[in-house]
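1. Okay, sequence plus prediction incoming.
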Amino acid sequence: MRILEVLGICIVALLVLLFVIFFRSRLLAGGGTIKLQVRVSTMMPGRGWSTGIGQFVGDELRFHRMFSLAFRPKRVLDREVLVVEEQRRPEGPERLTMPAQWIVLRCSNGEAGQIEIAMAESTVTGFLSWLEAAPPGQPGLSPRPIIRPRTQ
């Protein structure tokens, strides 16, 4: 009888854990979110990708891991210093971990160094638009020239 009680408690705890993870992902998946993968480890070529949700909040893209209990983002990318250096298709072992129509972006993240993110091809267009749509005059961005009509 004792074994069945322990087994029952373990099953209930597992179901509660799965519910909390599902509930967390639903809370984060409101407006302004995308599905993406971030390379968290470069120890082995083509490996180290973590699936998650990207949340656009002001000038930041906040990456939350899919299977995590934390409400804090794992990575925060600031659009003022983020620069896309390369776009490519998944190569080698990456093709097994992400869909074929995804694009891998190698980015420079200011002082934080290099970071690779992957997202759907249709999402890349929106991401690049968000990246370029910063208001003029922000630190780190060149101000847009003001064009005034000539006076005679």
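-> Looks like it came in fine. The shown structure was predicted, so the numbers you read here are calculated from the model rather than taken from an experiment.
2. Show me where this structure has its strands.
-> Ranges of strands in the chain, per DSSP state E, are 33-39, 49-57, 60-65, 75-78, 82-88, 102-109, 114-120.
3. now those strands as TSV including mean neighbour count?
-> From N, CA and C alone the C-beta is placed, and that goes for glycine too. Below are these laid out as TSV (neighbours: other C-beta atoms under 10 Å):
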stretch	mean neighbour count
strand 33-39	19
strand 49-57	18
strand 60-65	20
strand 75-78	17
strand 82-88	13
strand 102-109	18
strand 114-120	19
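4. Report the beta-bridge partner residues of residue 63.
-> For residue 63, the residues forming beta bridges with it (DSSP bridges) are residue 54, residue 75.
5. thought it was touching residue 76?
-> Yes: using C-beta atoms under 8 Å, residue 63 makes contact with residue 76 at a distance of 7.4 Å.
6. just checking, what's the longest helix in this structure?
-> Looking across the chain with DSSP state H, the single longest helix is helix 2-28.
7. for residue 11, what are its contacts?
-> By C-beta atoms under 8 Å, 6 or more residues apart in numbering, residue 11 lies in contact with nothing.
8. Look up how far residue 4 lies from it.
-> 10 Å (C-beta to C-beta, to the nearest Å).
9. which of the residues in stretch 126-135 are buried?
-> 127, 131 (16 or more other C-beta atoms under 10 Å).
10. That stretch: how far from the chain's middle?
-> Centre-to-centre, stretch 126-135 and its host chain are 15 Å apart (C-alpha atoms, centre = their mean, to the nearest Å).
11. which residues are contacting it?
-> 34, 56, 59, 61, 79-80, 82, 84, 105, 119, 141.
12. I'd like the strands of the chain as TSV, with distance to residue 20 and mean pLDDT appended.
-> Converted to TSV, these look like this (distance: least, C-beta to C-beta, whole Å; pLDDT from 0 to 100):
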stretch	distance to residue 20	mean pLDDT
strand 33-39	19	87
strand 49-57	15	86
strand 60-65	14	87
strand 75-78	22	86
strand 82-88	31	89
strand 102-109	28	89
strand 114-120	26	90
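13. Dump those strands to TSV, plus distance to residue 128.
-> Compiled in TSV, these are given as follows (distance: least, C-beta to C-beta, whole Å):
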stretch	distance to residue 128
strand 33-39	12
strand 49-57	13
strand 60-65	12
strand 75-78	13
strand 82-88	7
strand 102-109	9
strand 114-120	10
